[in-house]
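Q: A structural model of the following input is requested.
(one chain, ligands or ions: 1)
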Amino acid sequence: MQAVTETVSPMRPHPFRVREKHEEIPGCITLRVAPDGDGSGAAFAPGQFYMVYVFGRGEVPISVSGSPEKPGELTFTVMAVGAVTRALCACKPGDIIGLRGPFGSAWPVEKVKGRDVIIMAGGLGLAPLRPVIYQLLANRKDYGDLALLYGARQAQSIIFAGELADWREHATLDVKITVDIAGRDWPGRVGVVTDLLTGRHIEPATTSALICGPEMMMRFSAHALLDLGVAAENIYLSMERNMKCAIKMCGRCQYGPYFICDDGPVFSFDRVERLLKTREV
Ligand SMILES: Cc1cc2nc3c(=O)[nH]c(=O)nc-3n(C[C@H](O)[C@H](O)[C@H](O)COP(=O)(O)OP(=O)(O)OC[C@H]3O[C@@H](n4cnc5c(N)ncnc54)[C@H](O)[C@@H]3O)c2cc1C
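A: Model prediction:
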(Lines give C-alpha, C1' and ligand atoms only; values in the text may rest on other atoms or scores of the structure.)
Protein backbone atom coordinates (compact mmCIF):
# COMPACT_ATOMS: atom_id res chain seq x y z
CA MET A 1 0.00 0.00 0.00
CA GLN A 2 1.26 3.48 -0.85
CA ALA A 3 2.11 5.80 2.04
CA VAL A 4 -0.54 8.44 2.77
CA THR A 5 0.73 12.04 2.75
CA GLU A 6 -0.53 15.14 4.54
CA THR A 7 -1.72 18.05 2.31
CA VAL A 8 -2.10 20.96 4.80
CA SER A 9 0.71 22.35 6.97
CA PRO A 10 2.59 19.34 8.30
CA MET A 11 3.60 21.27 11.45
CA ARG A 12 0.04 22.04 12.55
CA PRO A 13 -1.40 19.60 15.08
CA HIS A 14 -5.06 18.71 14.58
CA PRO A 15 -7.26 18.19 17.62
CA PHE A 16 -8.35 14.61 18.26
CA ARG A 17 -10.58 13.50 21.12
CA VAL A 18 -9.82 10.39 23.13
CA ARG A 19 -12.81 8.05 22.69
CA GLU A 20 -11.55 4.99 24.51
CA LYS A 21 -8.63 3.96 26.66
CA HIS A 22 -7.58 0.41 27.45
CA GLU A 23 -4.71 -0.78 29.62
CA GLU A 24 -2.79 -3.48 27.73
CA ILE A 25 -0.30 -4.26 30.49
CA PRO A 26 0.90 -2.10 33.39
CA GLY A 27 2.49 1.05 31.94
CA CYS A 28 1.15 0.46 28.44
CA ILE A 29 -2.19 1.69 27.12
CA THR A 30 -4.11 1.70 23.87
CA LEU A 31 -5.97 4.91 22.96
CA ARG A 32 -8.68 5.16 20.31
CA VAL A 33 -9.06 8.75 19.09
CA ALA A 34 -11.25 10.55 16.54
CA PRO A 35 -10.93 13.97 14.86
CA ASP A 36 -12.47 16.82 16.83
CA GLY A 37 -13.38 20.22 15.37
CA ASP A 38 -11.71 20.67 12.00
CA GLY A 39 -12.65 17.19 10.78
CA SER A 40 -9.19 16.40 9.43
CA GLY A 41 -8.84 12.86 8.17
CA ALA A 42 -7.45 9.82 9.87
CA ALA A 43 -6.26 7.81 6.85
CA PHE A 44 -2.92 6.05 7.13
CA ALA A 45 -1.04 3.10 5.68
CA PRO A 46 0.10 0.28 8.01
CA GLY A 47 3.57 1.12 9.35
CA GLN A 48 3.10 4.89 9.33
CA PHE A 49 3.25 7.03 12.47
CA TYR A 50 1.85 10.32 13.81
CA MET A 51 3.43 13.03 15.92
CA VAL A 52 1.23 12.96 19.02
CA TYR A 53 1.04 16.19 21.03
CA VAL A 54 0.09 16.29 24.69
CA PHE A 55 -0.56 20.00 25.13
CA GLY A 56 1.76 21.56 27.67
CA ARG A 57 3.99 18.47 27.73
CA GLY A 58 5.38 17.88 24.27
CA GLU A 59 5.17 15.81 21.14
CA VAL A 60 6.34 12.26 20.38
CA PRO A 61 6.23 9.94 17.35
CA ILE A 62 3.82 7.02 17.83
CA SER A 63 2.94 4.37 15.23
CA VAL A 64 -0.67 3.62 14.46
CA SER A 65 -1.64 0.28 16.00
CA GLY A 66 -5.25 0.08 14.79
CA SER A 67 -6.98 -1.08 11.64
CA PRO A 68 -6.59 0.88 8.39
CA GLU A 69 -10.11 -0.34 7.52
CA LYS A 70 -11.69 1.90 10.18
CA PRO A 71 -11.79 5.40 8.64
CA GLY A 72 -12.48 8.25 11.04
CA GLU A 73 -10.52 6.92 13.99
CA LEU A 74 -6.95 6.14 14.94
CA THR A 75 -5.53 3.81 17.55
CA PHE A 76 -2.17 4.14 19.29
CA THR A 77 -0.49 1.83 21.77
CA VAL A 78 1.88 3.67 24.07
CA MET A 79 4.44 2.58 26.65
CA ALA A 80 5.14 5.14 29.39
CA VAL A 81 8.91 5.68 29.33
CA GLY A 82 9.29 9.45 29.85
CA ALA A 83 7.49 12.78 30.33
CA VAL A 84 5.34 12.81 27.18
CA THR A 85 4.46 9.13 26.98
CA ARG A 86 3.59 9.18 30.70
CA ALA A 87 1.25 12.14 30.05
CA LEU A 88 -0.28 10.27 27.08
CA CYS A 89 -0.85 7.21 29.23
CA ALA A 90 -2.61 9.44 31.78
CA CYS A 91 -5.11 10.75 29.16
CA LYS A 92 -8.77 9.96 29.80
CA PRO A 93 -11.72 9.52 27.44
CA GLY A 94 -12.92 13.02 26.49
CA ASP A 95 -9.43 14.60 26.59
CA ILE A 96 -8.07 16.37 23.51
CA ILE A 97 -4.65 15.60 22.06
CA GLY A 98 -2.98 17.01 18.92
CA LEU A 99 -1.94 14.91 15.94
CA ARG A 100 0.29 15.66 12.95
CA GLY A 101 0.65 13.12 10.20
CA PRO A 102 0.61 10.48 9.02
CA PHE A 103 4.33 10.34 8.31
CA GLY A 104 6.84 7.88 6.96
CA SER A 105 6.98 4.76 4.85
CA ALA A 106 4.59 1.81 5.07
CA TRP A 107 4.91 -1.97 5.26
CA PRO A 108 5.11 -3.31 1.66
CA VAL A 109 1.67 -4.98 1.49
CA GLU A 110 1.59 -4.84 -2.33
CA LYS A 111 5.12 -6.17 -2.82
CA VAL A 112 4.51 -9.19 -0.60
CA LYS A 113 1.31 -10.25 -2.43
CA GLY A 114 1.46 -13.91 -3.44
CA ARG A 115 4.33 -14.59 -1.01
CA ASP A 116 4.59 -16.30 2.36
CA VAL A 117 4.96 -13.64 5.06
CA ILE A 118 6.71 -14.12 8.39
CA ILE A 119 5.97 -11.35 10.88
CA MET A 120 8.46 -11.17 13.76
CA ALA A 121 7.62 -8.94 16.73
CA GLY A 122 9.47 -8.21 19.93
CA GLY A 123 7.63 -6.69 22.91
CA LEU A 124 5.83 -3.46 22.04
CA GLY A 125 7.01 -3.97 18.43
CA LEU A 126 3.78 -5.88 17.88
CA ALA A 127 1.89 -2.53 17.96
CA PRO A 128 3.28 -1.04 14.69
CA LEU A 129 2.78 -4.48 13.06
CA ARG A 130 -0.86 -4.91 14.08
CA PRO A 131 -2.27 -2.73 11.22
CA VAL A 132 -0.42 -4.80 8.63
CA ILE A 133 -1.66 -8.02 10.25
CA TYR A 134 -5.24 -6.68 9.93
CA GLN A 135 -4.57 -5.77 6.30
CA LEU A 136 -3.10 -9.16 5.39
CA LEU A 137 -5.95 -11.00 7.13
CA ALA A 138 -8.58 -8.79 5.43
CA ASN A 139 -7.09 -9.82 2.07
CA ARG A 140 -6.08 -13.33 3.14
CA LYS A 141 -6.41 -14.95 -0.32
CA ASP A 142 -3.77 -12.57 -1.78
CA TYR A 143 -1.01 -14.05 0.39
CA GLY A 144 0.63 -17.43 0.93
CA ASP A 145 1.34 -18.80 4.42
CA LEU A 146 1.20 -16.16 7.16
CA ALA A 147 3.06 -16.57 10.45
CA LEU A 148 3.41 -14.33 13.47
CA LEU A 149 6.41 -15.08 15.67
CA TYR A 150 6.17 -13.00 18.84
CA GLY A 151 8.69 -12.72 21.64
CA ALA A 152 7.91 -11.02 24.95
CA ARG A 153 9.97 -10.61 28.10
CA GLN A 154 7.47 -12.57 30.18
CA ALA A 155 3.83 -13.66 30.01
CA GLN A 156 2.75 -10.44 31.77
CA SER A 157 4.40 -8.34 29.01
CA ILE A 158 2.31 -9.81 26.18
CA ILE A 159 0.17 -7.13 24.54
CA PHE A 160 -3.03 -7.76 22.53
CA ALA A 161 -3.35 -11.13 24.31
CA GLY A 162 -7.06 -11.57 23.45
CA GLU A 163 -6.46 -10.91 19.77
CA LEU A 164 -3.46 -13.25 19.66
CA ALA A 165 -5.72 -15.99 21.03
CA ASP A 166 -8.39 -15.20 18.38
CA TRP A 167 -5.88 -15.26 15.52
CA ARG A 168 -4.50 -18.54 16.80
CA GLU A 169 -7.97 -20.05 17.13
CA HIS A 170 -9.08 -19.07 13.64
CA ALA A 171 -5.84 -20.48 12.21
CA THR A 172 -5.62 -17.99 9.34
CA LEU A 173 -2.33 -16.92 10.86
CA ASP A 174 0.16 -19.31 12.45
CA VAL A 175 0.81 -17.63 15.81
CA LYS A 176 3.84 -18.72 17.85
CA ILE A 177 4.80 -16.99 21.09
CA THR A 178 7.88 -17.27 23.25
CA VAL A 179 8.92 -15.52 26.48
CA ASP A 180 12.38 -14.79 27.84
CA ILE A 181 11.45 -15.53 31.44
CA ALA A 182 8.72 -18.02 32.29
CA GLY A 183 6.76 -18.47 35.48
CA ARG A 184 5.49 -21.91 36.53
CA ASP A 185 2.10 -21.24 34.93
CA TRP A 186 3.50 -20.44 31.44
CA PRO A 187 2.62 -23.40 29.20
CA GLY A 188 4.40 -22.17 26.08
CA ARG A 189 7.87 -21.74 24.62
CA VAL A 190 10.76 -20.13 26.50
CA GLY A 191 13.59 -18.46 24.62
CA VAL A 192 14.31 -15.67 22.19
CA VAL A 193 12.09 -14.97 19.19
CA THR A 194 14.63 -16.35 16.69
CA ASP A 195 14.21 -19.77 18.37
CA LEU A 196 10.76 -19.83 16.77
CA LEU A 197 12.47 -20.08 13.37
CA THR A 198 14.28 -23.26 14.38
CA GLY A 199 12.85 -26.26 12.51
CA ARG A 200 10.36 -24.09 10.65
CA HIS A 201 9.91 -24.96 6.98
CA ILE A 202 10.59 -21.88 4.88
CA GLU A 203 10.70 -21.45 1.11
CA PRO A 204 13.30 -18.66 0.99
CA ALA A 205 12.62 -17.62 -2.61
CA THR A 206 8.94 -16.92 -1.89
CA THR A 207 9.20 -15.65 1.69
CA SER A 208 9.18 -12.05 2.92
CA ALA A 209 9.55 -10.93 6.53
CA LEU A 210 8.29 -7.91 8.45
CA ILE A 211 10.12 -7.25 11.74
CA CYS A 212 9.60 -4.76 14.56
CA GLY A 213 11.05 -4.68 18.05
CA PRO A 214 14.19 -3.63 19.88
CA GLU A 215 17.05 -3.01 17.47
CA MET A 216 19.08 -5.96 18.68
CA MET A 217 16.09 -8.30 18.24
CA MET A 218 15.58 -6.99 14.68
CA ARG A 219 19.26 -7.46 13.82
CA PHE A 220 19.34 -11.04 15.12
CA SER A 221 16.02 -11.87 13.45
CA ALA A 222 17.15 -10.49 10.09
CA HIS A 223 20.40 -12.46 10.27
CA ALA A 224 18.56 -15.66 11.20
CA LEU A 225 16.34 -15.19 8.13
CA LEU A 226 19.38 -14.48 5.93
CA ASP A 227 20.91 -17.75 7.20
CA LEU A 228 17.72 -19.52 6.07
CA GLY A 229 18.21 -18.04 2.60
CA VAL A 230 15.67 -15.17 2.68
CA ALA A 231 17.06 -12.28 0.61
CA ALA A 232 17.91 -9.03 2.44
CA GLU A 233 15.62 -7.06 0.11
CA ASN A 234 12.69 -9.23 1.22
CA ILE A 235 13.27 -8.53 4.92
CA TYR A 236 11.71 -5.30 6.23
CA LEU A 237 12.35 -3.58 9.58
CA SER A 238 10.71 -0.61 11.29
CA MET A 239 13.41 1.65 12.75
CA GLU A 240 13.06 4.06 15.67
CA ARG A 241 15.13 7.14 16.35
CA ASN A 242 14.30 10.16 18.49
CA MET A 243 12.83 12.87 16.27
CA LYS A 244 11.35 16.37 16.51
CA CYS A 245 9.90 17.71 13.25
CA ALA A 246 9.06 14.50 11.32
CA ILE A 247 9.41 16.42 8.03
CA LYS A 248 13.11 15.93 7.27
CA MET A 249 14.08 19.41 8.53
CA CYS A 250 15.59 19.11 12.02
CA GLY A 251 17.97 16.26 11.26
CA ARG A 252 17.40 14.67 14.67
CA CYS A 253 16.51 11.29 13.18
CA GLN A 254 19.18 11.27 10.49
CA TYR A 255 20.46 7.75 10.01
CA GLY A 256 23.43 7.69 7.64
CA PRO A 257 22.02 8.99 4.35
CA TYR A 258 18.41 8.51 5.51
CA PHE A 259 15.91 10.35 7.66
CA ILE A 260 13.89 7.84 9.68
CA CYS A 261 10.86 10.18 9.63
CA ASP A 262 10.59 10.26 5.84
CA ASP A 263 12.72 7.51 4.23
CA GLY A 264 11.59 5.19 7.05
CA PRO A 265 10.54 4.05 9.53
CA VAL A 266 10.07 0.91 7.36
CA PHE A 267 13.24 -0.05 5.46
CA SER A 268 14.31 -3.19 3.64
CA PHE A 269 17.26 -4.79 5.43
CA ASP A 270 19.67 -4.35 2.49
CA ARG A 271 19.33 -0.55 2.91
CA VAL A 272 20.13 -0.43 6.63
CA GLU A 273 22.24 -3.51 7.36
CA ARG A 274 25.52 -1.57 7.51
CA LEU A 275 23.98 1.28 9.55
CA LEU A 276 22.48 -1.10 12.09
CA LYS A 277 26.00 -1.78 13.32
CA THR A 278 26.23 1.91 14.42
CA ARG A 279 24.97 3.08 17.82
CA GLU A 280 22.79 6.22 18.15
CA VAL A 281 24.52 9.05 20.12
C1 LIG B 1 8.66 6.10 14.17
C2 LIG B 1 8.46 5.85 15.65
C3 LIG B 1 7.37 5.14 16.08
C4 LIG B 1 7.18 4.91 17.44
N5 LIG B 1 6.07 4.22 17.84
C6 LIG B 1 5.84 4.03 19.15
C7 LIG B 1 4.67 3.35 19.59
O8 LIG B 1 3.85 2.88 18.79
N9 LIG B 1 4.47 3.24 20.91
C10 LIG B 1 5.37 3.73 21.84
O11 LIG B 1 5.13 3.61 23.05
N12 LIG B 1 6.50 4.36 21.45
C13 LIG B 1 6.75 4.53 20.14
N14 LIG B 1 7.88 5.20 19.74
C15 LIG B 1 8.84 5.64 20.77
C16 LIG B 1 8.35 6.94 21.40
O17 LIG B 1 8.33 7.96 20.44
C18 LIG B 1 9.30 7.32 22.54
O19 LIG B 1 9.14 6.39 23.59
C20 LIG B 1 8.97 8.71 23.05
O21 LIG B 1 9.44 9.67 22.12
C22 LIG B 1 9.59 8.98 24.41
O23 LIG B 1 9.27 10.30 24.78
P24 LIG B 1 9.09 10.71 26.29
O25 LIG B 1 9.04 12.21 26.38
O26 LIG B 1 7.97 9.98 26.93
O27 LIG B 1 10.40 10.18 26.97
P28 LIG B 1 11.88 10.79 26.92
O29 LIG B 1 12.11 11.45 28.23
O30 LIG B 1 12.10 11.58 25.65
O31 LIG B 1 12.67 9.46 26.80
C32 LIG B 1 12.61 8.43 27.77
C33 LIG B 1 13.67 7.41 27.40
O34 LIG B 1 13.35 6.79 26.15
C35 LIG B 1 14.39 7.00 25.19
N36 LIG B 1 13.76 7.24 23.89
C37 LIG B 1 13.01 8.29 23.53
N38 LIG B 1 12.58 8.16 22.27
C39 LIG B 1 13.07 6.99 21.82
C40 LIG B 1 12.99 6.30 20.59
N41 LIG B 1 12.32 6.75 19.55
N42 LIG B 1 13.63 5.13 20.50
C43 LIG B 1 14.32 4.63 21.52
N44 LIG B 1 14.45 5.24 22.71
C45 LIG B 1 13.83 6.40 22.86
C46 LIG B 1 15.13 8.22 25.70
O47 LIG B 1 16.46 8.26 25.21
C48 LIG B 1 15.05 8.02 27.20
O49 LIG B 1 15.99 7.10 27.64
C50 LIG B 1 8.10 5.41 18.40
C51 LIG B 1 9.23 6.13 17.95
C52 LIG B 1 9.41 6.33 16.59
C53 LIG B 1 10.62 7.09 16.12
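Q: any idea how far Cys89 is from the residue of the stretch 51-200 of the chain found nearest the ligand?
A: When scored by CB to the nearest ligand atom, the stretch 51-200 of the chain has Gly82 as its residue closest to the ligand, at 1.8 Å. All C-beta spots, glycine's among them, are computed from the backbone N, C-alpha and C. From Gly82 across to Cys89, the span is 11 Å (CB to CB, to the nearest Å).
Q: Which one's more surrounded, those two?
A: Neighbour tally, Gly82 and Cys89, criterion other CB atoms under 10 Å: the higher count belongs to Cys89, 18 against 10.
Q: Give me the phi and psi for the more buried one.
A: phi -70, psi -20 (degrees, to the nearest 10).
Q: which ones are touching it?
A: If you count contacts by CB atoms under 8 Å, 6 or more residues apart in numbering, Cys89 has them with 27-29, 78-80.
Q: again, but for Leu276
A: So Leu276 contacts 215, 218-219 (CB under 8 Å, 6+ apart).
Q: repeat that for 7 Å
A: 215, 219 (CB atoms under 7 Å, 6 or more residues apart in numbering).
Q: three-state assignment of it?
A: What DSSP: H, G, I helix; E, B strand; the rest coil gives for Leu276 is helix.
Q: next one: Ala165
A: Once three-state DSSP is applied, Ala165 turns out helix.
Q: so what's Glu24 closest to, chain neighbours aside?
A: Ile159 (4.4 Å; CB to CB, 6 or more residues apart in numbering).
Q: did I read that right, that neighbour in a helix?
A: No: looking at Ile159 with three-state DSSP, it is coil, so not inside a helix.
Q: can the strand or helix carrying Thr77 be found next to the ligand?
A: Element membership for Thr77, per DSSP states H and E: strand 74-79. Yes: using CB under 6 Å from any ligand atom, strand 74-79 reaches the ligand at 77-79.
Q: which ones are touching the residue nearest to Thr75 when sequence neighbours are not counted?
A: Excluding the flanking residues, the one nearest Thr75 by CB to CB, 6+ apart is Gly66, at 2.7 Å. Shown here is Gly66, whose contacts under the criterion CB under 7 Å, 6+ apart are 32, 74-75, 131.
Q: Thanks again, I'm all set now.
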